Each structure stands twice: as structure tokens, then as C-alpha cells.
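Student: Have a look; sequence and predicted model below, questions after that.
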Amino acid sequence: MAEKKPALPLSEAVYRAALERSPIANILVTRDGLIALVNAQAESMFGYSREELVGKPIEVLVPKSVRARHPPMRDGYFKDPKVRYMGVGRDLAGTRKDGSEFPVEIALNPIKTEDGDYTMAAVSDISERSRAEEKFRAVVEAAPTAMIMINEAGDIVLTNAQAEKLFGYTRNELLGLKVDALVPDANRKGHPKLRDGFFTDPRPRTMGAGRELFGKRKDGSLVPVEIGLNPIQTSEGKFAIAAIADITERRRAEEKFRSVVEAAPTAMIMINESGDIVLTNAQVDKLFGYAREELLGKKVDMLVPEMMRPGHPKLRDSFFTAPRPRTMGAGRELHGLRKDGSLVPVEIGLNPIVTSEGRFAIAAIADITERRRAEEKFRAVVESAPNAMVMIDTHGIIVLTNNQAEKLFGYQRSELVGQAIEILVPKRIRERHPGLRMGFFTDPRPRMMGIGRDLTGARKDGSEFPVEIGLNPIETSEGRFAIAAIADITERVEREKLLQRQRDEIMELSTPVMQVWDKVLALPIIGTLDSQRAARLTENLLQKIGQDEAEFVILDISGVPTIDSQVAQNLLKTVQGARLMGADCILSGVRPETAQAMVHLGIDIGALRSRSTMRDALQLALALRKDPEAVTLRGGG
Amino acid sequence: MATDIVPIIRVGTSLLVSLQGDMDDEAVLRLEGQITREVARTRAKGTLIDVSGLAVVDSFIARVISRIVAMVRLLGCEAVVVGIQPAVAITLVELGVDMHQVHTALNAGKGMELLQRLQA
């Protein structure tokens, strides 16, 4: 800025240099309104050269619309010259040589010199700032919520379309109002004070924390709202901007939530973080015997049995520290305390709910009296079953057993419950059993255990006995279980053994294996070769191969009346079995009809050698023994 | 894991592998590694696999033995499986396990004879 001591003669050079460096357009105007001096910034701002401006009336730089009014104002200023801004509160503009206008801010400085009175006008182009303001207005306008900006006096200075819609006023109506007009009548009186409070300690916050707020529409109706406040500090003073959300919908959702809770088939209780009951439903009344008013606002602990009550607040707190949906008191039996002092067995599911009003927990409480009764019934059924029964959980722990099981295994019930089921499994299979157990639980369906295998149970005294075990999966709300019905089949096994022995003896007689030469066995098959007989025959033959170190076996089928595909299959199995024992088979006694039948049936005997008579077969066997190379030409299926 | 599962005895140009006890699935698989490594290392011409000491031979182990035989053959070595017990032989046939291309012999003695013939 230029020096302006009146008595001091100015050095033109210094003065100009100072002016020239200024980023502000400086224009020295004479008492008559003529431009006396301009700097470079003024030239570039207005688009004139210095020569074009000096000596011209200042009005060339004033917009046409106000040019006529300007000289009187100028005169007014010179009559009472002091340092001030021009046109306070109004939007000022400058005019360029090309006629375009731009927003400006102008500071006026009176200068007294020996030559007379001057005024130095310092002109700033505020297009940029206006643009920023425009942007801010656009942002406010585009906001999805209603926004209202007020000054410290509570006058609405800025608003948006959403606000117009929300409150039912036009923008111009709103801009003329005190913000208090939008406050419901009941609260309006206190509002200016609250406003002032905000400006004393301006920081972003929610209005009326925890209370229900309403806005008043032009038509007098009220709308539930949530209001966020933000202070704005500008060069023009302090402002507050309020973002106002219409929460009618949310209120409706809350209503819906309440009605859902009310209609729920289970008792539901919602508590806040301090454990106060804030919501219940009709089922709660029924379950606990209290009227709703008796519960709302009370601590939920009143529904907890006295024994558990002292520890309950702490448990509650721990739920809120790590809120996630879960079952209460996992594994333990829970009870609710009725108004009449009686206890009711319950199961409780907990769900956290986070809302703008804080954290809540909602408990769904199921009366499991019936279920308990069913469980009792189930236990009674198990107890009275004629078989030994053992129920285990997925970890193989015995959870239930019966009197029959005690008797069968020689344990007391208390020695079984809580133990791993493997206690009843013979030691040699104990290690493998957990794997099998888990197999059952991955595909749980009713079935017999170890089909085809001989199962054994182990008594407490270590003795073992044959058993048959039926398995049944049970799904409960407490998880998956398996129930095993165990039958002692000692007697049956004994009987079967005896029968088998007798059968064996008969079989033995019908399947004679003879050693006809060193390392050569002959097996003449007489009669029909059914599967059972074929199995027996093979077993005998293989035993004999082992004993006699036989290398060749002659299978004579001349005594077999008919060969069907079943018989042929059985024969080929015998051949394969012998081969695994290192012995080669030669077929003998194939009759013409038999050969035809076998080919017609499509039976592939592979490389199996065949001779028509036992004699030829024996000769072949002896020849093969001598010629080791022939060994590689193996027979077999 | 390169732990040895079974002792492998070298007799001339042949290896003698005797499987014993109750082998679990994992042990059987490791066995493949051990035998193939040993065959390659010793450049054996024959391998005799004695299964008479196994507690159980089921279809899984049978398939593994077939596999081992195939692997050993690929390494240029003949293989003979010996010591299949009657009950095992019957089971394998009933299960339909294909041991077709596997040379078999009753016991180790006969197996060695067969190996020698095969190598000739």
C-alpha cells in the first residue's frame, strides 16, 4: 500500500515502485472523480492501458447499471473521507474494457496531499472467492438431506430444495425467517437460548441427543427429524449449518419392528446397555406372568432366578463388550423366574442390535418345559429297552446309558457316563475306533455297525464277547448324537459255529484234494458246484497248496453235470486264488457238451490250459515242471 | 518323510523286502518311496516282496503292491510277490483285485528260483 502522510512530498519513483508491486489493483482518484494514477494490476484487471485510464472519470470502471448513481456516492465519500470498504453488504462489480463484469471488493483510502484530496481505491477481483461460494451453495443444494444455514442471530441465510420440500416453505419464505419458526410451538421459546449455547461452544454434534425432535411445517404439522449441527467460521462471521433428516420412515420401521416383536411366537425382551427392559411382547407376559408395565424400565435381572441374579449384570456387560448372536449359557440349564416365584426351564438366544440410539440386546426366550418332558420320556424309553443302549455325542462321550448296558458290560452307570465310548471297545481296535465314529457322524443314518465284520464288546473285566450293534443318529437342538443298541450274540455265534463245523465236515468229504505227483495236486470235482461249495473247495485247495508246496493243480470237471456261467465264474476264481499262491492250474475232463456250453456262454478262460483227460493234464504238468520257460506263459483269469 | 518302513535285504542282484505287521495307509505309501529308491540305488535286477508277515492284506494294500511291482518293473527290475496266505488269496479274488500281471510264488525259496528264471 502506498504511504499517505499528507505533508510529505512524495517521490514519484518510490511511490510508483510500491504501487507497481502490489497484487491489488490500485487506482488514485481525484476529488473530481478523475483517475490520476493506476498500477500494472489495475491495467490487467480492467484490460485498459495506463494511458487510456489516466484522466478519465472513474465511472468507466463502474458497471453501466450503477454508473449514473456513482458520482453522488463519490461526492458523499469525499465529504466524510475515512478508510473503509465500499458498499458494505452489497455485491460490487467492476467493468472491463470489453464490457464484461466481475465481482470485486473495494477498499477506500483518503489521501491528502499538497496538490489536493485524493482517494486511493484498492480493488480485489473476488471471482475466485465467489466461485468457492457458488460451489458451497451447489453442494448444499445437492445434499440429499434438508440443510439450513443460520447466522448468529438465528436468521436463515441459506437453504436447499430438500428443506423447502421438508418444511413446505418456498426458499424465499425460508430466507426471511428466524430458524425458530421451524421449531414446534412447545419448544420455540427455549430455542434461541439453545442456539446461543451452540454458538458459545460451536462443534459438530447431534441436536437434542436422545430426545425425539420434530420440525414444524408451514401447514403447522410436525415431522419427526434428526438434526446434525456443524459450525462454520467465515470472514463474514459465525454460522451454523443444520442437516435435517426426515425420520418418518425410520419411525415407521421401528413401529414395524415393534409389531414383529409383538407377533413373535416366542417371548422376546429387549434391554439397553444398562440392562433396563425397553421392549417386551405378549409372550413375555404369558411366560413370566407379569403385566407389561411391570417390566418396562425395570432391570432384566428381575427375571433371573435369585441364585444367578448377583452374577447376571456382569454377564450382561460381557455380552455388550463382545456382542454377537449366540445362545445364552451354552450347555447349562437356564431357568426364568416367574412373578409367582416358580421357575420355568428356558432356552435363550441373544442378538445384539445397534441403533442410532445406542446398543441393545434382544433375547428370544423359549419355554422348554415340553422339551424337558419329552427328554424325560426319551430317557424312560431308553431305560426300559430290552437291549443295552448307549448314547454318545460327536466327541464319543457317553451321555446316556441304561440298566441293560450296565449289566452287559459290568460297569456302574456312573462309571460310563462322561467316559469315551472306546471304554467298551476291545483294546486292539480302540485306536481305530474314533475314526470310525467320526465317519458315522459325517454321514449319520440308521444302520448296523461294521456290516460283514465280527464285532466285539469289552467288559470291565477285560473279557470280550460278540455283539451286534444298531446305530441311530439323533439330532437335537443341543447337537448331534448317536444312539447304539447293543445285542450280545454269544449264543447265536456259538450256534452258528457249530453249524458251520458240521457243514465243513460234509464239504470236506465232497471236495477231496489229492497229491498225485511231487508238487502236483489233483482236484476232481463231482456234482454241482454252487458258490458255497466253490468257496470251501478253494479254501481247501489253497491250504493244500501251502502244505505240499504244490506248483500245479489239475482241476478235473468230468464229474460236473452242467456248467453254467455261475459255475464257470467260481472255477475261474479258484484258478486265480491258486495263482496268487504261486500254483498254476490245468483244467481236465472237459466234455464236448461242456466245451460248447462254455463257448456259447461267452466264458473267457484266458490263458488257462485245458486237457481232455486227467492223464494228459498230468503229462502237461510234468512237462511244464521240466521246462521253466513255460512258467511265464501263465494261466489264470 | 524318508524314514525306512521295512528292512530291505540285498541278496546278490536281488532285493528282499519283507512286509510285516499292521501297516496303515500312510506307511504303505511311504513304502513305495523306500522300495523304488532302493531299487534305483542298488540297480537290483530282481525284487522279492514277501507279504506273509502282514496282518491284513486288503484291496488297498493289494493295489499298492501291484503299483510297486509296476514301478519296480519300470526301473528295469523283475518282481515276485510271495507268501500270500490262502485267506488273503480268496479275499483278493472275491474283491476282484487285479493281480494279473504280478508274478507270484508260494514262499521266498520258490520266489527266488522264479526270480532267477525271470532274470535269465
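Tutor: Alright, I've got the coordinates. Residues are numbered from 1 along each chain as shown, chains lettered A, B, ... in the order given.
Student: Under the pLDDT cut-off, which ranges of the stretch 51-200 of chain A? List them.
Tutor: Along the stretch 51-200 of chain A, segments meeting pLDDT under 70 span A:88-89.
Student: Name the residue of it that lies nearest to chain B.
Tutor: A:Pro144 (63.6 Å; CB to the nearest CB). Bear in mind the C-beta positions are built from the backbone N, C-alpha and C, glycine included.
Student: Nearest spatial neighbour of that residue, chain-adjacent residues omitted?
Tutor: Once flanking residues are discounted, A:Pro144 sits nearest to A:Gln162: 6.9 Å by CB to CB, 6 or more residues apart in numbering or on different chains.
Student: For my notes, confirm that neighbour occurs in a strand.
Tutor: No. Counting by DSSP: H, G, I helix; E, B strand; the rest coil, A:Gln162 is located in no strand; its state is helix.
Student: any idea how far it lies from A:Glu141?
Tutor: 9 Å (CB to CB, to the nearest Å).
Student: between these two, which one's more packed in?
Tutor: Neighbours were counted for A:Gln162 and for A:Glu141 using other CB atoms under 10 Å in any protein chain shown; A:Gln162 has more, 21 against 13.
Student: Just give the number of residues close to the residue of chain B found nearest chain A.
Tutor: Nearest to chain A, among the residues of chain B, is B:Pro86, at 3.4 Å (CB to the nearest CB). If you count neighbours by other CB under 10 Å, B:Pro86 ends up with 20.
Student: Contacts only, for residue 54.
Tutor: No chain in the question, so chain A it is. For A:Val54, the contact set (CB atoms under 8 Å, 6 or more residues apart in numbering or on different chains) comprises A:35-38.
Student: please go with chain B instead
Tutor: By CB under 8 Å, 6+ apart, the contact set of B:Leu54 is B:19-23, B:61.
Student: which among those residues gets closest to A:Asp518?
Tutor: Using CB to CB, B:Leu19 comes nearest to A:Asp518 of the contacts of B:Leu54, at 30.2 Å.
Student: For stretch A:610-628, give me every contacting residue.
Tutor: A:516-517, A:519-520, A:522, A:524, A:551-552, A:554, A:556, A:558, A:584, A:586-590, A:609, A:630-631, B:117.
Student: List the contacts of the most centrally placed residue in chain B.
Tutor: For chain B, the residue nearest the mean C-alpha position is B:Ile49 (3.1 Å; CA atoms, centre = their mean). Contact analysis of B:Ile49 by CB under 8 Å, 6+ apart lists B:17, B:19, B:65, B:68-69, B:79-82.
Student: from the residues you listed, which ones fall inside strands?
Tutor: Mapping those onto strands (DSSP state E) picks out B:17, B:19, B:79-82.
Student: Quick one: which of these is the most crowded by neighbours?
Tutor: Using other CB under 10 Å as the neighbour test, the ones in strands among the contacts of B:Ile49 are led by B:Ala79, with 28 neighbours.
Student: For that one, give the beta-bridge partners.
Tutor: Residues in a beta bridge with B:Ala79, per DSSP bridges, are B:Thr47.
Student: helices or strands up against the lengthiest helix in chain B?
Tutor: Longest helix in chain B, counting residues (DSSP state H): helix B:25-42. When contacts are defined as 3 or more CB pairs under 8 Å, 6 or more residues apart in numbering or on different chains; DSSP states H and E, helix B:25-42 sits against strand B:8-11, strand B:14-21, helix B:59-74.
Student: residue ranges with poor pLDDT in chain A?
Tutor: Using pLDDT under 70, chain A drops low at A:1-13, A:15-16, A:88-89, A:209-210, A:330-331, A:507-511, A:628-637.
Student: Mind splitting it into its structural domains?
Tutor: A:12-125, A:130-246, A:258-367, A:376-488, A:507-632 (automatic domain parsing).
Student: now the second one, how far from the centre of its chain.
Tutor: Spelled out, that is domain A:130-246. Taking CA atoms, centre = their mean, to the nearest Å, one finds the center of domain A:130-246 at 39 Å from the center of the full chain.
Student: can you check the shortest one too?
Tutor: For domain A:258-367, the gap between its own C-alpha mean and the chain's C-alpha mean amounts to 25 Å (CA atoms, centre = their mean).
Student: what about that domain, start to end distance?
Tutor: From its first residue to its last, domain A:258-367 covers 21 Å (CA to CA, to the nearest Å).
Student: rewinding a little: now the buried members of the contacts of stretch A:610-628.
Tutor: Neighbour-count burial (16 or more other CB atoms under 10 Å in any protein chain shown) applied to the contacts of stretch A:610-628 gives A:519-520, A:522, A:524, A:551-552, A:554, A:556, A:584, A:586-590, A:609, A:631.
Student: which two in those are spaced the farthest apart?
Tutor: Checking the buried ones among the contacts of stretch A:610-628 with CB to CB, the most distant pair is A:Pro524 and A:Val631, at 25.1 Å.
Student: from memory the residue nearest to A:Pro144 sits against A:Met147, does it?
Tutor: Yes. Between A:Gln162 and A:Met147 there is a contact at 6.9 Å, judged by CB atoms under 8 Å.
Student: Just the closest residue of the stretch 451-600 of chain A to chain B, please.
Tutor: For the stretch 451-600 of chain A, CB to the nearest CB, closest residue to chain B: A:Leu542, 3.4 Å.
Student: which SSE is A:Leu400 in?
Tutor: Assigned by DSSP states H and E, A:Leu400 belongs to strand A:398-401.
Student: just how off-centre is that strand within its chain?
Tutor: With CA atoms, centre = their mean, you get 35 Å for strand A:398-401.
Student: Over to stretch B:89-100?
Tutor: That offset, for stretch B:89-100, works out to 16 Å (CA atoms, centre = their mean).
Student: Let me know whether that stretch sits next to chain A.
Tutor: Yes. Stretch B:89-100 comes into contact with chain A (CB under 8 Å from any CB of the partner chain), by way of B:89-90, B:92-94, B:99-100.
Student: of these, closest to A:Asp504?
Tutor: Nearest to A:Asp504 among those, counting by CB to CB, is B:Ile90 at 14.9 Å.
Student: how close does the residue of chain B closest to chain A get to A:Ala583?
Tutor: In terms of CB to CB, B:Pro86 sits 11 Å off from A:Ala583.
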